[in-house]
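In: Predicted structure and sequence below. I'll ask about it afterward.
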Amino acid sequence: MIRIAWLVAKKDLRIEARSRVLLWQVVPFGAMALLLTGLALGPAHAGNSSAGPGLFYLVMLFVALLMINRSQVLESTPGTRASIATLGLDPAGVFLGKTLALCVELWVTGLVLLAGTVLVLHTALHGAFLALPSVLVTLGALAAAGTLYGAMTAGGEGAATLLPVLCLPAFAPLLIAGERAFSAALTHGGLWEWWVIVVVALVAYVGVGILLYGVLEES
Amino acid sequence: MIRIAWLVAKKDLRIEARSRVLLWQVVPFGAMALLLTGLALGPAHAGNSSAGPGLFYLVMLFVALLMINRSQVLESTPGTRASIATLGLDPAGVFLGKTLALCVELWVTGLVLLAGTVLVLHTALHGAFLALPSVLVTLGALAAAGTLYGAMTAGGEGAATLLPVLCLPAFAPLLIAGERAFSAALTHGGLWEWWVIVVVALVAYVGVGILLYGVLEES
Amino acid sequence: MMKELSQRLLGPVTFALLALTIWLGLWVTPPDKVQGNLVRLLYVHPAVAWVALYVSFGTATIASCLYLWKRTRSWDMDRIAHCAMEVSVVFIILTLITGSIWGRPTWGVWWAWDARLTSTAILGVLALGYLALRRANDDPTLRAKRSAVFAIVSAINVPIIHFSVQWWKTLHQGATVFTSNRQLLVHGSMAWTLLISFVGFTLLFFWLLRARYRLEVERDAAYRAAFDEAVSLRQREGVL
Amino acid sequence: MTPSPVVHLRGAVALSSGFPLLSGVDLDLEAASLNVITGANGAGKTSLLRLLAGLLALSSGEAEVCGVDLTNGDLRQLRRRVGWLGHEGSFYADLTVRENLRFCALALGRPTDEIDAVLARVGLSSRVDTITKKLSAGQRRRLGLAWLLLRRAELWLLDEPYASLDDQGRTFFDALLADVINAGATVVLSAHDPLRATTLRPRTIGLVGGRVREVAP
Amino acid sequence: MTPSPVVHLRGAVALSSGFPLLSGVDLDLEAASLNVITGANGAGKTSLLRLLAGLLALSSGEAEVCGVDLTNGDLRQLRRRVGWLGHEGSFYADLTVRENLRFCALALGRPTDEIDAVLARVGLSSRVDTITKKLSAGQRRRLGLAWLLLRRAELWLLDEPYASLDDQGRTFFDALLADVINAGATVVLSAHDPLRATTLRPRTIGLVGGRVREVAP
Ligand code: HEM
Ligand SMILES: Nc1ncnc2c1ncn2[C@@H]1O[C@H](COP(=O)(O)OP(=O)(O)OP(=O)(O)O)[C@@H](O)[C@H]1O
Ligand SMILES: Nc1ncnc2c1ncn2[C@@H]1O[C@H](COP(=O)(O)OP(=O)(O)OP(=O)(O)O)[C@@H](O)[C@H]1O
Ligand SMILES: [Mg+2]
Ligand SMILES: [Mg+2]
């Protein structure tokens, strides 16, 4: 399982590295979305630093949707699906691998956007630093959930638009928990409850994925 | 030109109607995104009705990105591109047709989301009603710009992620103007400056599209 | 003859003017009544912003128009547009940096939700988008055409940035340098220094543009050699 | 003066991310002729056809197709005169067979009442209302033929037209070819097998390494 | 007791959005045999192969392939034993030829040092580092063959394997088929032309309207 996971993750990351989509497209998109979201709320709201965590996660959410879609598109050209299916890869390994690759990509983008939040939304640097671990865990959970939902919609009609519909409600609790953990870090408030939620979500999604990913892939 | 525009628009809308993506996926996505955006900002900000226009346009923006992408994906399967290219369709007509179809889709989604804004974000019904014409014009401009940018990225590397990068900054002024016009309608303030901006943007994008769409398509 | 001379002199003159700006700005001009020594950023920030918006983005836009217009279409235009846009990215980033440095002590924040600041950042992303668009297409003709259209459409943002201070009436300084009542606002040695800084940074742009252009020409030559080699390799394919 | 050739290439080179798909093609094709491009896998057959259709940019050399110069002519004018049948299925995958043909007919300003007759000719009558993406490989190819029939192009560019057609489809296609050439159109097709119809007298253009190696007869 | 057949279908029906792609197939195939599916366009050849690979769900009837029951068996077990070569190019379009094969080899736990030899055998040595989506149609097909060579499956399912291969490629493929069958694998392929290699003695399965019409010899 671990071997397959590693193989799949390396493959996904290699394709990503080759196309440079992350560097040239996803990260600028995130930065832009952050700016725009700030703008849409008007200076009064956005300048207010308490909106930082919410906006950060909101943008990460949209970035995650884009990347989950990409991660599934790689697998779902008609020919590819069939030939890879006949490799009979261990589904738990595939799930872990794709999650891992997605997670790495989300982390990279997340770090850049976190810096953006500090610079543009006046979020306290120290607070952002404290929040970092919770951000990483939340993004990990997002990656696991996204891979799961991605497989669910793969190959169906209009997968690119179905995916967001399924993902958004599932991501909502994660988003809230992550945002609260981030806010708590900013105000030095009690962190641990939100930590518990995101860690449980991460473990739950990874667990479900390992157990059930195979079911989703088989016809 | 008009004949081709009509033909292309009908074709796009027919495909859309057949796949029911709008009804089952885009509209729910929009509604969900509206809720989530409200949530991400915390009750304090979102309950505040002044955030309504901003959130509405923010969500419309993401919806528009999804739909622009779909509208281009229809054209860009390898075989389709080549055979349609050899029809030698009038590019201005194709541009107008795709813009029209996108515009209709955005309007439908926009109306639903406007209702959502009134219901969920406590935006005044009367104000929303007053803002309706400006919303329709802004969405029209969004459709024209989107079609233009869609053609610009079509067929290139990682078109699906390049599109948002190009579109977001271009849409930003539209977003701001639309939001201000909406806010002005809510407060019965001076509307006309924002009107001027969105109308000029609509005319400019349609004009540029008619003139230059052909340039983008030809190699 | 004249052309060669100006070519030769571009570098030295640029650096002389910039050195003069620094000297005048730091030692000769007086500190401001309100802003104190911070006012010395006046000799950097507006000039850099001017180059970013009008000179470099403008060059890229005009070159793009000339490329699209059939009668003046040439690869040189495409190349100039590309190089100018790259330099533009550098100057936009410099504008943001110098602005932020100025903003921190005057407004108390590095960044504010001001219309001009935001629209400048947007312009930066547009310029990056232009470069991303170029990377995404590898057919040279298509790339040239598409990026030219994109540059032209993006240029709409420039007047928006300029007028944003009037339309939105926010934090950022309104038009000070280019107004009819300029004499009232900046005068004496300050005005001269300002003028020299504008000329200096404009020349700096052209110097950078020329360097970048030469690099591009060199790359093209290397490309041409690689082209011939690739063609002959391909011709031998299957013949062996 | 002899009539100017439909296709005239001199030293035509076409690149794809730096690799020369075509490495200097010299070729002249006459009107109302049948031309078969042969060559090993990867020799450049598809690329040559794409160049002729104006779908691939010319990097150096001269090229004139149907009187349109490929470097600075009006490519759209050229494309309107060309009928293209590619490897991959063409058309909108989400429209039905009839809707696809209607779209093409209307786009070209042709009457739409031929459509049913054309579909019957290519043997797709039983699939008129099937969504195109559900068609089998051979049926998709037949839809391509139906489209060409509606199209009535001057220059037909067909990439491996026989592949995935069944026997009856091939016979039909041979008859079609003969008709088309008699009507004065020029046909260029790529193929790995020798043509079946012996009554057609094709010119064979052998490609090797992106160049024309031999032309026979 | 005779050895149980590799493929055993009784009244197999497979649907795609309500349309029966297969309408009751009865078929038994023995181990180490070569089987050619023929039939008109749209007869159901591709669908039958997809059913056998476990890529298409069985709607009614019985089906057992390689000892795995298609209705409630472990489809993944089946897929691991099957080598599939489809119409469309397979593999990751953004990886190079070698990276694709490395991925497959590693995924199957095979040594990666055979890869270069295999690529040389299928004639792709000069395209080892080319991105797969840049390959020509025939080269993509050859990559598919290379993959099958690495794969060493029990049951080979090949959809129109000859299409878009050049002459040399077909000869190579015929030799490969003979090897594979001697090594004890079962091959099922679809084709529109009669096989070229006369030494192979294939069983021909004629499909009409989603059912087996005749089996010969
Ligand atoms: C990140 C922050 C900033 C950005 C992105 C920025 C951007 C710009 C731009 C784009 C221009 C050129 C406008 C035009 O010529 O149309 C400009 C001009 C100028 N900026 Fe800033 N700026 C920033 C901060 C500041 C600060 C803090 C000050 C001083 C308090 C300042 C003072 C000026 C002045 C005096 C001009 C010349 C205005 C004129 O003559 O029109 N800027 N800035
Ligand atoms: N970036 C690249 N690097 C190396 N080779 C490339 C690249 N892009 C294309 N090629 C090669 O260019 C050739 C394209 O040939 P083309 O598709 O025209 O072949 P073809 O004659 O149609 O072959 P087939 O019979 O297989 O269809 C192939 O050999 C392909 O490998
Ligand atoms: N939804 C549908 N409605 C009507 N017909 C359908 C539908 N889905 C599939 N079909 C038909 O099912 C058949 C699928 O056949 P399949 O792809 O197996 O054919 P094949 O024998 O491989 O043909 P070819 O030789 O053309 O490759 C086709 O005739 C197709 O038109
Ligand atoms: Mg080919
Ligand atoms: Mg088939």
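Out: Structure received. Ligands and ions are numbered 1, 2, ... in the order given.
In: those helices in chain C, which residues are they?
Out: For chain C, the helices defined by DSSP state H occupy C:2-23, C:45-50, C:57-68, C:75-107, C:115-136, C:140-154, C:157-168, C:182-185, C:189-236.
In: how far out from the middle of the chain is the fifth one?
Out: When you say that, I think you mean helix C:115-136. Mean-position distance between helix C:115-136 and its chain equals 12 Å (CA atoms, centre = their mean, to the nearest Å).
In: And chain B, is it touching that?
Out: Yes - remark: helix C:115-136 sits within contact range of chain B at C:118, C:119, C:122, C:123, C:125, C:126, C:128, C:129, C:132, C:133, C:135, C:136, by CB under 8 Å from any CB of the partner chain. For every residue, glycine as well, the C-beta is placed using N, CA and C.
In: relative orientation of that helix and helix C:157-168 in degrees?
Out: Calculated by axes from the mean of the first three to the mean of the last three CA atoms, to 10 degrees, helix C:115-136 forms an angle of 160 degrees with helix C:157-168.
In: quick one, helix C:115-136 and helix C:75-107 angle?
Out: Using the same axes, to 10 degrees: helix C:115-136 against helix C:75-107 is 150 degrees.
In: Tell me who's in contact with the residue of chain D found nearest ligand 3.
Out: Using CB to the nearest ligand atom, residue D:138 is the residue of chain D that sits closest to ligand 3, at 2.6 Å. For residue D:138, the contact set (CB atoms under 8 Å, 6 or more residues apart in numbering or on different chains) comprises D:164, D:165, D:166, D:169, E:40, E:41, E:42, E:192.
In: mind checking pLDDT for the fifth one?
Out: Just to be clear, that refers to residue E:40. Looking at residue E:40, its pLDDT stands at 92.
In: Name the nearest residue to residue A:91, sequence neighbours excluded.
Out: Nearest residue to residue A:91, sequence neighbours excluded (CB to CB, 6 or more residues apart in numbering or on different chains): residue A:214, at 3.3 Å.
In: Tell me the spacing between that neighbour and residue A:14.
Out: Distance from residue A:214 to residue A:14, counting by CB to CB, to the nearest Å: 24 Å.
In: At the geometric centre of chain D, which residue sits there?
Out: The residue lying closest to the centre of chain D (CA atoms, centre = their mean) is residue D:157, at 1.7 Å.
In: What are the phi and psi values at it?
Out: Note on residue D:157: its backbone torsions stand at phi -120, psi 110 [degrees, to the nearest 10].
In: And for residue D:213?
Out: phi -90, psi -50.
In: again with the one 3 residues further on
Out: Dihedral angles phi and psi of residue D:216 (degrees, to the nearest 10) take the values phi -140, psi 140.
In: cool, residue D:69 as well?
Out: Per degrees, to the nearest 10, the backbone of residue D:69 is at phi -80, psi 130.
In: Sketch out the low-pLDDT regions of chain D for me.
Out: Along chain D, segments meeting pLDDT under 70 span D:1-3, D:89.
In: Which residues of it lie near ligand 2?
Out: Proximity of chain D to ligand 2 (CB under 6 Å from any ligand atom) is limited to residues D:16, D:17, D:19, D:21, D:39, D:41, D:42, D:43, D:44, D:45, D:46, D:47.
In: Next: chain C.
Out: Contact residues, chain C versus ligand 2 (CB under 6 Å from any ligand atom): none.
In: Show me what residue of chain C gets nearest to ligand 1.
Out: Taking CB to the nearest ligand atom, chain C has residue C:99 as its residue nearest ligand 1, at 2.2 Å.
In: List the contacts of that residue.
Out: By CB under 8 Å, 6+ apart, the contact set of residue C:99 is C:45, C:49, C:117, C:120.
In: okay but the last one is in contact with residue C:95, surely?
Out: Okay, so that is residue C:120. Yes - between residue C:120 and residue C:95 there is a contact at 6.1 Å, judged by CB atoms under 8 Å.
In: what do those two both touch?
Out: Taking CB under 8 Å, 6+ apart as the contact rule, residue C:120 and residue C:95 both touch C:49, C:52.
In: that older thread, what helix or strand is the residue nearest to residue A:91 on?
Out: If you go by DSSP states H and E, residue A:214 is part of helix A:192-217.
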